[in-house]
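**Q** Next comes the sequence, and after it the predicted model I'd like to discuss.
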Amino acid sequence: MSDLNKELSRHVTITNELGLHARPAAMVAELASTAASNVWLIKDDQYADASSIIDILSLACLQGSGVTLQIEDPTDTTILEKLHELFESGFGE
């Protein structure tokens, strides 16, 4: 993986018991919708628009699932970090 790809993506594991359900998906979508460019959630080579709750839920991320967060624009690095923190905190659950 190139250094640029490392800067534009983070790998996370879903830790909360109910997985990535509607409430956490809404939190992700709200944050992703503030980005200057596209933000993606990637699971098993499936891409979901992180600003769409329906797209996020379509990934069916259960507890223990690995997901990659990816941004397209380096100016969205702060959003990437905030998303990473959300996932790492288990969405406060």
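**A** Yes, it's here.
**Q** Tell me where this protein is predicted with low confidence.
**A** In the predicted model, the chain carries pLDDT under 70 at residues 1-6.
**Q** where along it do the helices fall?
**A** Applying DSSP state H to the chain gives helices spanning 3-7, 22-32, 53-58, 77-88.
**Q** Quick one: list the elements packing against the last one.
**A** So the one you mean is helix 77-88. strand 9-13, helix 22-32, strand 39-43, strand 66-71 (3 or more Cβ pairs under 8 Å, 6 or more residues apart in numbering; DSSP states H and E). In this view, the C-beta of every residue, glycine as well, is placed from N, C-alpha and C.
**Q** The third one: partners in the sheet, and parallel or antiparallel?
**A** Yep, that's strand 39-43 we're talking about. Strand 39-43 has the following strand partners under DSSP bridges: strand 46-49 (antiparallel), strand 66-71 (antiparallel).
**Q** got the angle between the longest one and helix 22-32?
**A** For strand 66-71 and helix 22-32, the angle between their directions (axes from the mean of the first three to the mean of the last three Cα atoms, to 10 degrees) works out to 20 degrees.
**Q** Out of the helices and strands packed on helix 77-88, flag the one nearest residue 90.
**A** Closest to residue 90 of the helices and strands packed on helix 77-88 is helix 22-32 (Cβ to Cβ; 8.6 Å).
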